[in-house]
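A.B. asks: Below: sequence and its predicted model.
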Amino acid sequence: MDNDTPRDAARDAPRDGAARDTPADAARRTAPGAPLRAAVKDHAPPPDVASATPPEAARATPPEAARATPPEAARATAMEAARATAPEAAGDPPPDAAGGAAPAVARQKAAMRARLRAARAAMTPGERSAAGRALRDAVLSLPETQMAGTVAAYFSVGAEPDTKELIYALWKRGSYVLLPLLRDDWDLDWASYEGPDSVRLRPDGRYGLAEPTQPPRGPGAIARAALVIVPALAVDGRGTRLGQGGGCYDRALARVSAAVPTVALVYENELVRRVPSVPHDQTVRLVARSRAGTAELLRLPLQPASSPHQTPPSGGYI
Ligand SMILES: Nc1ncnc2c1ncn2[C@@H]1O[C@H](COP(=O)(O)OP(=O)(O)OP(=O)(O)O)[C@@H](O)[C@H]1O
Ligand SMILES: [Mg+2]
C-alpha cells in the first residue's frame, strides 16, 4: 500500500475543491507515477462475484429479501441460487414495474441486462483489467476530472471494468473521492476514500460489495461532487443508462446538478443504439467506452450524425 506520504505534509495549494478539501487531501497531492501501479496491485480486489446476477431475481422474493438486490456497484454471490428463478428468465417484469408501459419496458431492460451480463461474464480478467486501465486514462484525461475537487466514483466488483486504479489515481492526485454504500432502502450513502486500506468487503458479506470504511456522509453528499463516475451495463446515444436494476443510481443522480458531468464506464459493446427507459431513469452526460486496449470519451447526447458504433475522429474525447 502506498501509505508513505505523511498525511500532515505536502499541503500544496488545492485546486477548485479547496473548500471541501481536508489536510489529508492536500497530503495526497503528489504526481501520479510509478508507485501507483505497485500500490494498486497490492490491493487485493474483491472476488469476482456473480456479476451476472440479475437484481430482478431478488424482486421475486418477499420484500425483506428483495432489499438485498445488489446496487449498481454490486453483484451477488449469494444470489446465484435466486438466479435460477429470476423473473426475467420467465419473462415476468419486476413487481414494482406494474402499470402502463412499465412492464414492457421492464422486460426489455431485463432482456438487455441478461445479454450484457452474459457478454461480461465471457470476458477474461485480463480483458477487464485492460479495459479498466484504458478507461482510467480516459477519465483522468478529461478536463473536468482535472478540475474536480470532489469526485463521486464506485468501487468495481465482478465483471465490471476495473475502477480500482482510477480511484487510486484520483485520490493520489488530490481529488476528494466519495464511494457509495448500499442502504437498505436501495438508496446510496457516500463516504470518502482514503487510500486502498479504506475500502473493505462489507462486514455482512452482502453481494461481495467493497465499501468505504470512513463515516457515511449521507445520500446528499453526492451533490458536492464536481464529477460523478457511474457504473452502467449500457448507455445509448441519448445518455440513457441501464444499470443492474436496483434503481440506486437513478435515485442518486437525481441529486446531481445538471451542470455536473456524469460519466458512465462501459465496454465496447455496451454503447448501444437504444436503452429502454421510463421517466425515473436518469441520463448521463458522458460515456467512456473501452475499445481494443484504448478508450474513448463521448459527450452525450450524441449528435445526430454520430453513431455509437463509430470511432470519433480524434480517437479521444469530443
Ligand atoms: N426515482 C425513483 N423513485 C422510485 N423508485 C425508483 C426510482 N428510481 C428507480 N426506482 C426503482 O428502481 C427500479 C429499477 O429501476 P431501473 O430498472 O431503472 O434500474 P437501473 O437504473 O438499471 O438500476 P441502477 O440505477 O441501480 O443502476 C424501478 O422499477 C423502481 O422501482
Ligand atoms: Mg434506471
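C.D. replies: Cool, the structure landed. The structure displayed is predicted, hence computed values, not measured ones. Ligands and ions are numbered 1, 2, ... in the order given.

A.B. asks: Residues of the protein that sit close to ligand 2?
C.D. replies: Asp250, Asp281 (CB under 5 Å from the ion). In short, each C-beta sits where N, CA and C put it, glycine included.

A.B. asks: which regions of the chain lie under the pLDDT threshold?
C.D. replies: Filtered on pLDDT under 70, the chain yields the residue ranges 1-100, 305-318.

A.B. asks: Tell me which residue in it sits closest to ligand 1.
C.D. replies: For the chain, the residue closest to ligand 1 is Gly243, as judged by CB to the nearest ligand atom, at 1.6 Å.

A.B. asks: how near is that residue to Pro143?
C.D. replies: Computed with CB to CB, to the nearest Å, the distance linking Gly243 and Pro143 is 26 Å.

A.B. asks: which one of these two has more residues nearby?
C.D. replies: Gly243 (25 against 9; other CB atoms under 10 Å).

A.B. asks: Contact partners for Arg200?
C.D. replies: Contacts for Arg200 (CB atoms under 8 Å, 6 or more residues apart in numbering) come out as Ala210, Glu211, Thr213.

A.B. asks: out of these, which are buried?
C.D. replies: Buried by 16 or more other CB atoms under 10 Å: Ala210, Glu211, out of these.

A.B. asks: Narrow the contacts of Arg200 to those in strands?
C.D. replies: Under the assignment DSSP state E, these contribute Ala210, Glu211 to strands.

A.B. asks: can the contacts of Arg200 go into TSV with extra columns for distance to ligand 1?
C.D. replies: Output for the contacts of Arg200, formatted as TSV (distance: CB to the nearest ligand atom, whole Å):
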residue	distance to ligand 1
Ala210	17
Glu211	15
Thr213	23
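
A.B. asks: now, which of the contacts of Arg200 sits nearest Val266?
C.D. replies: Closest approach between those and Val266, by CB to CB: Ala210, at 20.2 Å.

A.B. asks: And the longest helix belonging to the chain, what does it pack against?
C.D. replies: Longest helix in the chain, counting residues (DSSP state H): helix 102-121. Applying 3 or more CB pairs under 8 Å, 6 or more residues apart in numbering; DSSP states H and E, we find helix 102-121 packed against helix 55-59, strand 241-242.
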